[in-house]
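Q: Just a sequence and a predicted model for now, questions to come.
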Amino acid sequence: MGYVFDFKDAGLYDARFDQGKNRYCLDLEIKLMMDLLSPKRGQRIIDIGCGTGISLEPLLDKGLNLTGLDPSQYMLDLALKRLGNKVDLHRGVAEDLPFDDNSFDSAFFFTSLEFTDRPAKAIEEACRVAKDCVILCVLNRYAPLNMVRRVKSFFVPNIYNHVHFFSIWELKQILFAILGNVPIKWKTTLQFPFACGQIARFVENFQIVQKSFFGTRIGMRIQPVPKFRTKPLLLKVRKQKAYNPASGLATRMRQ
């Protein structure tokens with residue numbers, strides 16, 4: 001199941017984005033997710049590890065059928081305050097989703113896969129319940145900002161003590177191992193986290209820049225192979241009944 005946010009962590013999560021610099025970073029990361037997700041009216045979309053609902057908020061007014069799932073009741077309480085009844089919220093874990101096969105058109109992780117104990121199983125479950133695409137938005141191990149975060153976490157306890165930072169190569173290795181050679185599209189954002197402004201935002205939108213291996217956030221779109229959860233069924237075998245020969249049939253007489 002991985003790390004579950006407690007009351008204190010849940011309260012501090014949104015407070016981080018009240019700062020202008022952190023909000024700038026979040027806006028770029030949300031834009032990356034939206035570009036890869038490309039939501040269309042009427043689609044069914046699930047946010048796996050929805051937290052306080054901050055990643056669902058940009059999807060509210062697009063005519064979508066939205067679902068959020070998180071293992072922390074404290075996070076879900078904050079999500080309910082933020083989203084109201086516009087999103088169907090569930091408590092559960094990413095490694096065992098309480099939904100039928102192909103229940104959604106798309107599924108996405110936004111800073112949630114990093115907190116799971118079994119990311120491969122979580123991805124496999126997402127591909128089971130989503131029939132069209134799965135989006136991974138995760139923190140990049142080789143990004144300068146995330147390296148700073150990792151170093152700080154050794155000295156000052158924070159949520160990054162519980163984070164597994166991914167690389168593009170590691171994600172591909174996981175995906176190919178569980179799904180085979182499925183179509184994958186990736187890009188990164190927040191190449192210049194220490195310089196927030198109009199110029200930096202403008203440069204971030206260039207496709208060649210988004211192909212950097214050192215962006216703070218990795219965004220990856222997977223076209224899943226259809227998977228189904230099956231249950232073994234008992235095979236009932238009927239015993240053949242012994243029948244007497246029907247009258248009128250010729251029988252071989254013994255000599």
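A: Good, I have the coordinates. Numbering: from 1, shown residues only.
Q: For the helix ranked longest in the chain, buried residues please.
A: In the chain, with assignment by DSSP state H, the single longest helix is helix 20-37. Neighbour-count burial for helix 20-37 flags 24-34, 36-37 (criterion: 16 or more other CB atoms under 10 Å). For glycine as for every other residue, the C-beta is placed from the backbone atoms N, C-alpha and C.
Q: same question, stretch 99-112
A: By neighbour count, with 16+ other CB under 10 Å as the criterion, the buried positions of stretch 99-112 are 99, 102-112.
Q: In the residues you listed, find the pair that's most separated.
A: Comparing every pair within those by CB to CB identifies Asn102 and Thr111 as the most remote, at 25.5 Å.
Q: and the buried residues of helix 20-37 as a markdown table, adding distance to Thr67 and pLDDT?
A: Shown next, in a markdown table, are the buried residues of helix 20-37 (distance: CB to CB, whole Å; pLDDT from 0 to 100):
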| residue | distance to Thr67 | pLDDT |
| --- | --- | --- |
| Tyr24 | 29 | 90 |
| Cys25 | 26 | 92 |
| Leu26 | 22 | 93 |
| Asp27 | 24 | 93 |
| Leu28 | 25 | 94 |
| Glu29 | 21 | 95 |
| Ile30 | 18 | 96 |
| Lys31 | 22 | 95 |
| Leu32 | 21 | 96 |
| Met33 | 16 | 97 |
| Met34 | 17 | 97 |
| Leu36 | 18 | 97 |
| Leu37 | 14 | 97 |
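Q: Those residues into CSV, with extra columns for distance to Ser212?
A: Converted to CSV, these look like this (distance: CB to CB, whole Å):
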residue, distance to Ser212
Tyr24, 18
Cys25, 16
Leu26, 19
Asp27, 18
Leu28, 13
Glu29, 15
Ile30, 19
Lys31, 16
Leu32, 12
Met33, 17
Met34, 19
Leu36, 16
Leu37, 21
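Q: Quick check: mean pLDDT of stretch 119-130?
A: For stretch 119-130, the mean per-residue pLDDT is 96.
Q: How far off centre is the worst-scoring helix or strand of the chain on mean pLDDT?
A: Every helix and strand in the chain was compared by mean pLDDT, DSSP states H and E; the lowest is helix 7-15, with a mean of 84. Chain-centre distance of helix 7-15: 21 Å, with CA atoms, centre = their mean, to the nearest Å.
Q: residues making contact with it?
A: By CB atoms under 8 Å, 6 or more residues apart in numbering, the surrounding residues in contact with helix 7-15 are 5, 51-52, 54, 72, 74-75, 77-78, 159.
Q: Show me how to select, in ChimeraX, the buried members of those residues.
A: Those of the contacts of helix 7-15 that count as buried under 16+ other CB under 10 Å are selected in ChimeraX with:
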select :5,51,52,54,72,74,75,78,159
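Q: Between which two of the contacts of helix 7-15 is the distance greatest?
A: Across the contacts of helix 7-15 (CB to CB), the longest gap, 17.9 Å, separates Asp77 and Ile159.
Q: In the chain, where is pLDDT below threshold?
A: 1, 226-255 (pLDDT under 70).
Q: and the gap between the residue minimising distance to the centre of the chain and Phe17?
A: For the chain, Phe109 is the residue whose C-alpha lies nearest the centre (CA atoms, centre = their mean; 2.9 Å). Separation of Phe109 from Phe17 (CB to CB, to the nearest Å) stands at 18 Å.
Q: again with Phe115
A: Shown here: Phe115 relative to Phe17, a distance of 18 Å by CB to CB.
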